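Novice: would you be able to build a 3D model of this:
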Amino acid sequence: MKKIFNIIVCFSFLALLVSCEEELDLTNPTALSLEELLQTDNGFELLANGILDAYQKVPANEFLLIELRTDNSRANSANGNLPDISAYNVDPNNGDVATYYSNNMAAIKHANTIIDNRFLAPASQQYTVGEAYFMRALCHFNLVRAYKNVPFVDKVLDINEDEARDYPQLPEAEVYEKIIDDFRTSIAYLNGVEQNRYRPSEGAAICLAAKAYLSQPNPNYSEAELLLASVVENNGSYNYDLLFTEREDAENFDEDPTVITDAEYNANLVIDFGHIFGNAISDGFTDGVLDGSWSNNPGLELNDEVVFSIAYDLVSSDNYVTSDSGLDDQVETDSESHSFAMTLQGGSNGVNLATIDLLEIMNPDLQPVRFYASINPLDYGAFTSDNTVDVFNTKFPTDGEIGDNDWIVLRYADVLLLYSEAILAGADSTTDTRALNAFNQVRLRAGQEEVVNLTKQELLDERRVEFLYENQRLYDLIRFGEADNVLQAFSDQNSLFYTSGKKYLPFPQREIDNFPGLYNQNPGY
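Specialist: Numbers count the residues shown, from 1 in each chain. Here you go, the predicted structure:
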């Protein structure tokens, strides 16, 4: 087990603007000031752990704000203001809207602490500067996609000097330029650094820079293609690959060891797909399908498909701890879930309910692999006989609010499909063999037939089922220019309140009130 550190952070936005000298509390009872910390042998390492510690809070409500506002998921009418979020009726005073913003800003502040002091970092800890640039870019990437026009904060702000007023909202395109610049800077610092899938890496920075190029208002397909090609065409050197079992290596589940049926092979692929997320299935194969139940297995979570993930653990993390760990108890470190709402038990709160629109395409016939690793088949079976039955996600089977499923920020399937997207370059279709090869790798792992002509719609549809409940659908629709078409039709069909401006969240009213005259509310709110 790696060293465990405890870094207590404050998440209110006002606190983000203050120097962090009083906020660091390490594993010994004596708190160190920033100046003292920077003079220790591993001070920058501790500060880098603090960024990751702060980021553990970010995915805690992301599902509610992103996936819940798509045609994939809904909330029931008994669950507070979540049905309003699901209906595109988000209030600027909503607590989740404000918390998601401030949690990202908290991690940005910790990243800026390192960047502001980067010239003091010893040679052995230069990688932490790369991690700081990476995390600052990632958090701003979260913010610009969620809120559109946001400040880009590139230093630790001192509220006593009212420095926040030097950081107004910037046009979306300008924010993306700065994000891409940060990712590119991190690539240089992280070059040659030993890979750790729980920490920022050169490969992750390259791929996320490409994703930012594709996500900006005027996508730069050529730059994204070059970056993604450098990874896809050399994936072996990065140790990235899909979890995929060839048919000749598949396990035989019945009494005839000489034949692997299609159903048996698909069952092998279901297991592969579950393993991506660190999930194992209990024994059982009946009538051609697996009939066991999923549970988290931490031993499976660090696999070749994961490019970068955030660790959560019921006992202790391999890298860093949560902000609410106590100095007197270094065992209960990562006792929080990335998002309780999207776990197996989230259904008890009436969240993570699949829409009827989703279940028309996510079913055992159309998705013989991804269905069984993503959707509860017992719920679905009841739904087919009574379409008022709720169907829940099983991709994150953690039981209860304290969870141990890691949160995967980026995985190799995403890299492959982004590569196809970059080659497609906004066209309606392509027969480019590189795009087809990347796309078909994901298709074959899902038990689907290969395509010989890839269309834009096929790519968007594939992403929907591959990344179900991974908070990608909304951003995919925006990036493909289809958000208004798809979400307006979905809203009309279900009597919801979508309008074009509501593909973005309202800018938190709390931030507007804290700095009168500095920020403007987003259109539609």
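
Novice: so the residue nearest in space to the middle of the chain: helix, strand or coil?
Specialist: Nearest residue to the geometric centre of the chain (CA atoms, centre = their mean): Val409, 3.7 Å. Reduced to three states with DSSP: H, G, I helix; E, B strand; the rest coil, the structure at Val409 is strand.

Novice: from memory it sits against Leu138, does it?
Specialist: Yes: if you go by CB atoms under 8 Å, Val409 and Leu138 touch, sitting 7.2 Å apart. Where C-beta positions appear, they are placed from N, C-alpha and C, glycine not excepted.

Novice: follow-up on the earlier one: from Asp304, how far off is the residue nearest to the centre of the chain?
Specialist: 16 Å (CB to CB, to the nearest Å).

Novice: now Arg118
Specialist: 32 Å.

Novice: got the buried residues for the helix or strand Asp53 falls within?
Specialist: Assigned by DSSP states H and E, Asp53 belongs to helix 43-55. Across helix 43-55, burial judged by 16 or more other CB atoms under 10 Å covers 43-55.

Novice: can I get those in a markdown table with pLDDT?
Specialist: Shown next, in a markdown table, are those (pLDDT from 0 to 100):
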| residue | pLDDT |
| --- | --- |
| Gly43 | 89 |
| Phe44 | 93 |
| Glu45 | 91 |
| Leu46 | 89 |
| Leu47 | 92 |
| Ala48 | 93 |
| Asn49 | 90 |
| Gly50 | 89 |
| Ile51 | 93 |
| Leu52 | 91 |
| Asp53 | 87 |
| Ala54 | 89 |
| Tyr55 | 92 |
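
Novice: and stretch 241-250, how far from the chain's centre?
Specialist: Counting by CA atoms, centre = their mean, to the nearest Å, stretch 241-250 is centred 25 Å from the centre of its parent chain.

Novice: quick one: end-to-end distance for it.
Specialist: 18 Å (CA to CA, to the nearest Å).

Novice: ditto for stretch 362-378
Specialist: Start-to-end, stretch 362-378 (CA to CA) is 14 Å.

Novice: kindly report the same for stretch 398-408.
Specialist: End to end - CA to CA - stretch 398-408 spans 15 Å.

Novice: what's the answer for stretch 439-456, then?
Specialist: 11 Å.

Novice: and that stretch, average pLDDT?
Specialist: Throughout stretch 439-456, pLDDT has a mean value of 98.

Novice: now the residue nearest to the centre of the chain: closest residue in space that isn't a chain neighbour?
Specialist: Spatially, and ignoring its direct neighbours in sequence, Val409 is nearest to Phe308 (4.7 Å; CB to CB, 6 or more residues apart in numbering).

Novice: ok, the strand or helix carrying the one you found: who's next to it in the sheet?
Specialist: For Phe308, the element it lies in under DSSP H and E is strand 306-310. Strand 306-310 has the following strand partners under DSSP bridges: strand 407-411 (antiparallel).

Novice: what does the strand it pairs with contact?
Specialist: Strand 407-411 is contacted from outside by 59, 138, 204, 207-208, 211, 276-277, 305-310, 312, 338-339, 470, using CB atoms under 8 Å, 6 or more residues apart in numbering.

Novice: specify the angle between that strand and helix 43-55 in degrees.
Specialist: When axes from the mean of the first three to the mean of the last three CA atoms, to 10 degrees is applied, the directions of strand 407-411 and helix 43-55 differ by 100 degrees.
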